[in-house]
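Undergrad: need coordinates for the below:
(chains A and B)
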There are 2 protein chains.
Amino acid sequence: MAVYTDVSFEDLEKLLTGYDIGMPRSFKGIAEGVENSNFHLQTDRGGYILTLYEKRVSTGDLPFFLELMEHLAKRGIACPQPVRSKAGNNWITLNGKPAALLTFLDGVSLRKPEVSHCIHAGGALAEMHAAGAGFKLSRQNSLSVAGWKKLAQDTQGKADSVQAGLAALIHATLNELEAWPQDLPAGIIHADLFPDNVLFMDGKISGLIDFYFACNDAFAYDIAVMLNAWCFEQDGAYNITKGKSFLSAYRQHRELTAEEAAALPILARGAALRFLLTRLYDWLNPDPAALVRPKDPRDYVKRLRFHRNVRNPSEYGL
Amino acid sequence: MAVYTDVSFEDLEKLLTGYDIGMPRSFKGIAEGVENSNFHLQTDRGGYILTLYEKRVSTGDLPFFLELMEHLAKRGIACPQPVRSKAGNNWITLNGKPAALLTFLDGVSLRKPEVSHCIHAGGALAEMHAAGAGFKLSRQNSLSVAGWKKLAQDTQGKADSVQAGLAALIHATLNELEAWPQDLPAGIIHADLFPDNVLFMDGKISGLIDFYFACNDAFAYDIAVMLNAWCFEQDGAYNITKGKSFLSAYRQHRELTAEEAAALPILARGAALRFLLTRLYDWLNPDPAALVRPKDPRDYVKRLRFHRNVRNPSEYGL
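TA: Take a look at the predicted model:
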């Protein structure tokens, strides 16, 4: 089984005595999720995902993530729902790891989203931001400026082995980010809404998944993450048609404030740096037990260089 | 995506224009199969497995494997069925690899089969042996004595780093196997019918999978493989109750000849050596792109030592 933590059918069978979800029909480890071990379970009542939370998800954060998915679903956002055990728990311990059973959502994630998909994604992000209102738990963004400084230190010595000049680029960017905007409109953000985490069916969004970086932060930072993840082409070029489509779909639900619009270039730089740094760290420190090859950090070097040349938010299509 | 060869949904979508199997509902890489890349596809018409054949499966053997599954299914054996493309092909090329779409079978594989499962497995093996009759293609067993000699040579230098005395044990066993039996009753064998490759549902077998070691060889060698794979406990002890149950279930379909019975100990030694050697090779030559951790060869050292002490087939429960 190609997952960090192995779960046999016998382990599952024992676990299922504590749940009321029917008889198992199939059970397979799935090759997805850099952070956790995931299994697809089909019972005679439906499909489920069993997730075992590995090193990067702390048990203390689980109530935030799981209750957030419940909160959002009650407000109309299609996202996996934790199944409560007969004892009423939304997470349990399995093979030494915290684990949760979640409902399975149909849909496929796209490798190369097109303009029409960017439009749907922009709308979905705005709807999620609105739906997060009133959620009673909160969680700091552990991967914001302070977290990036730590990652920059940890990768400093070897960054140039990946690309000449990379350490200096990271250093210079971090200096610029000292002006990181505060007091922008904020609330619950996904913080990782890449195409991998948006499911489509028949051209429409059927669900948002993987809320394990969700936190309280500026809404516009979530927008900046998605400009990075959805609006660049494989060759590193920014596709302003996609950017414009994405942004105007978002703005049909919520108009950006002048401060948010003005902050977009620095937020985009920060978002590019965030994914550059985590990828760089994983690239330099490959986990031999990991079953997903580390992603190339250089894709985000290109994006960061693009953002550093942006002089005006209109260059994003705003 | 944690598989050797990546397939995006966009790749799949293009592929599906050549098939008549409905609209995709979900598509996920699955963490299964040491040899190949496997994806689970759900469409509105049913479940499928997309397999990309990697290094160990040669294109020339694909007609044998795929047509065998068709042959067996026509004779009542539940096994995956290759779906033919609109053009009538049972395999195609995808992202540079030979690939096939196969029907998905419900059921779960067991980590620790119990006596009742061994009984079902013995019966299923005999039924498969009978159903293989009349299959028009043939394939030599590339992992028989000659193949083991090659693996022994390739691992000789480092075998003792895994366990002291291992190189000598392998050498001594290979010498004994010079008396490898010829002319036993033969036909199509699975050659790898481990618990991973037998699906159960509600305590009964729902399917046999993974025919990519199938070949023409002695039926009793298939029995010997399964005595190794099904009838030892985790601590390395042979469970004669399981052995007896497995063998008598098989013999209810086909009685063993006196020659087969007499050959069982040497066949069991050969089968143990086969899995010892392939695991040893993979252990010593880990594939960085592999997403399944190599299995510990020492489990099969224990089994081999057990078989070398067997003086009479009755010790297996015959």
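
Undergrad: just want the most central residue of chain A.
TA: Central residue of chain A (C-alpha atoms, centre = their mean): A:Asp192, 2.2 Å from the mean position.

Undergrad: domain parsing of chain A, as residue ranges.
TA: With domains defined by automatic domain parsing, chain A comprises A:9-103, A:115-316.

Undergrad: with distance to chain B added, can I get those domains in a markdown table?
TA: In short, each C-beta sits where N, CA and C put it, glycine included. Listed next are those as a markdown table, based on distance: least, C-beta to the nearest C-beta, whole Å:
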| stretch | distance to chain B |
| --- | --- |
| domain A:9-103 | 3 |
| domain A:115-316 | 4 |
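
Undergrad: same list (these) but as CSV, adding mean pLDDT and distance to B:Lys55.
TA: Output for those, formatted as CSV (pLDDT from 0 to 100; distance: least, C-beta to C-beta, whole Å):
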stretch, mean pLDDT, distance to B:Lys55
domain A:9-103, 94, 18
domain A:115-316, 95, 17
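
Undergrad: those into a markdown table, with extra columns for distance to B:Asn141?
TA: Shown next, in a markdown table, are the domains of chain A (distance: least, C-beta to C-beta, whole Å):
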| stretch | distance to B:Asn141 |
| --- | --- |
| domain A:9-103 | 29 |
| domain A:115-316 | 31 |
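
Undergrad: how about the longest helix along chain A: buried residues?
TA: Using DSSP state H, we find that the single longest helix of chain A is helix A:258-284. The neighbour-count check on helix A:258-284 (16 or more other C-beta atoms under 10 Å in any protein chain shown) flags A:260-284 as buried.

Undergrad: again with stretch A:143-162
TA: A:143-144, A:148, A:151-152, A:155, A:159, A:162.

Undergrad: mind saving the C-alpha coords of it as CSV?
TA: Taking C-alpha atoms only, stretch A:143-162 is exported to CSV below (Å, rounded to 0.1, in the frame of the first residue of the first chain):
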residue,chain,number,x,y,z
LEU,A,143,2.4,29.7,6.6
SER,A,144,2.5,33.5,6.4
VAL,A,145,5.4,35.9,6.7
ALA,A,146,6.9,34.5,9.9
GLY,A,147,6.6,30.9,8.6
TRP,A,148,8.3,32.0,5.3
LYS,A,149,11.2,33.5,7.2
LYS,A,150,11.7,30.2,9.0
LEU,A,151,11.6,28.2,5.7
ALA,A,152,13.9,30.7,4.1
GLN,A,153,16.5,30.2,6.9
ASP,A,154,16.1,26.4,6.6
THR,A,155,16.7,26.4,2.9
GLN,A,156,19.2,29.2,2.6
GLY,A,157,22.3,27.2,2.4
LYS,A,158,21.2,24.9,-0.5
ALA,A,159,18.8,27.2,-2.4
ASP,A,160,21.4,28.1,-5.0
SER,A,161,21.9,24.4,-5.8
VAL,A,162,18.4,24.5,-7.2
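
Undergrad: any chance you could list what contacts that stretch?
TA: Residues from elsewhere that reach stretch A:143-162, judged by C-beta atoms under 8 Å, 6 or more residues apart in numbering or on different chains: A:141, A:166-167, A:170-171, A:174, A:177, A:180, A:191, A:213, A:217, A:270, A:273-274, A:277-278, A:280-281, A:283-284, A:297-298.

Undergrad: and if we set it to 6 Å?
TA: Contacts to stretch A:143-162, defined as C-beta atoms under 6 Å, 6 or more residues apart in numbering or on different chains, come from residues A:166-167, A:170, A:174, A:177, A:180, A:273-274, A:277, A:280-281, A:284.

Undergrad: ok, which pair from those residues is furthest apart?
TA: A:Trp180 and A:Leu284 (24.9 Å; C-beta to C-beta).

Undergrad: so how far is A:Asn197 from A:Met69?
TA: 13 Å (C-beta to C-beta, to the nearest Å).

Undergrad: neighbour-wise, which of these two wins?
TA: Shown here are A:Met69 and A:Asn197; by other C-beta atoms under 10 Å in any protein chain shown, A:Met69 has more neighbours (23 against 18).

Undergrad: what residues does the strand or helix carrying the more buried one touch?
TA: Secondary structure from DSSP states H and E places A:Met69 in helix A:62-74. Residues external to helix A:62-74 that are found in contact with it (C-beta under 6 Å, 6+ apart): A:79-82, A:90-91, A:98, A:131, A:135, A:137, A:139, A:211-212, A:214.

Undergrad: try it again at 7 Å.
TA: A:53, A:79-82, A:90-91, A:98, A:100, A:128, A:131-132, A:135, A:137, A:139, A:188, A:211-212, A:214 (C-beta atoms under 7 Å, 6 or more residues apart in numbering or on different chains).

Undergrad: what about the strands in the stretch 1-150 of chain A?
TA: A:24-30, A:37-43, A:46-52, A:92-94, A:97-103 (DSSP state E, counting those that start in this stretch).

Undergrad: ignore the last one, the stretch 201-318 of chain A
TA: Taking DSSP E, counting those that start in this stretch as the criterion, the stretch 201-318 of chain A carries its strands at A:204-208, A:215-218.

Undergrad: contact partners of the first one?
TA: With contact meaning C-beta under 7 Å, 6+ apart, strand A:204-208 is reached by A:77-79, A:105-107, A:120, A:124, A:128, A:190, A:193, A:197-200.

Undergrad: go again with 8 Å.
TA: With C-beta under 8 Å, 6+ apart, strand A:204-208 has contacts from A:77-80, A:105-107, A:120-121, A:124, A:128, A:190, A:193, A:197-200.

Undergrad: list only buried entries from the residues you listed.
TA: Buried among those (16+ other C-beta under 10 Å): A:77-80, A:105, A:107, A:120-121, A:124, A:128, A:190, A:193, A:197-200.

Undergrad: picking that back up, just send the contacts of stretch A:143-162 back as CSV, with distance to B:Ser37 too.
TA: CSV is the format used below for the contacts of stretch A:143-162 (distance: C-beta to C-beta, whole Å):
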residue, distance to B:Ser37
A:Leu166, 32
A:Ala167, 36
A:Ile170, 35
A:Leu174, 39
A:Leu177, 40
A:Trp180, 42
A:Leu273, 33
A:Arg274, 30
A:Leu277, 30
A:Leu280, 27
A:Tyr281, 27
A:Leu284, 27
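
Undergrad: with adjacent residues omitted, what lies nearest to the residue nearest to the centre of chain A?
TA: Spatially, and ignoring its direct neighbours in sequence, A:Asp192 is nearest to A:Phe213 (4.1 Å; C-beta to C-beta, 6 or more residues apart in numbering or on different chains).

Undergrad: ok, now which ones touch that neighbour?
TA: A:143, A:190-192.

Undergrad: please redo it, this time with the cut-off set to 7 Å
TA: By C-beta under 7 Å, 6+ apart, A:Phe213 lies in contact with A:143, A:191-192.

Undergrad: between the residues you listed, which is nearest A:Lys28?
TA: A:Asp192 (24.4 Å).
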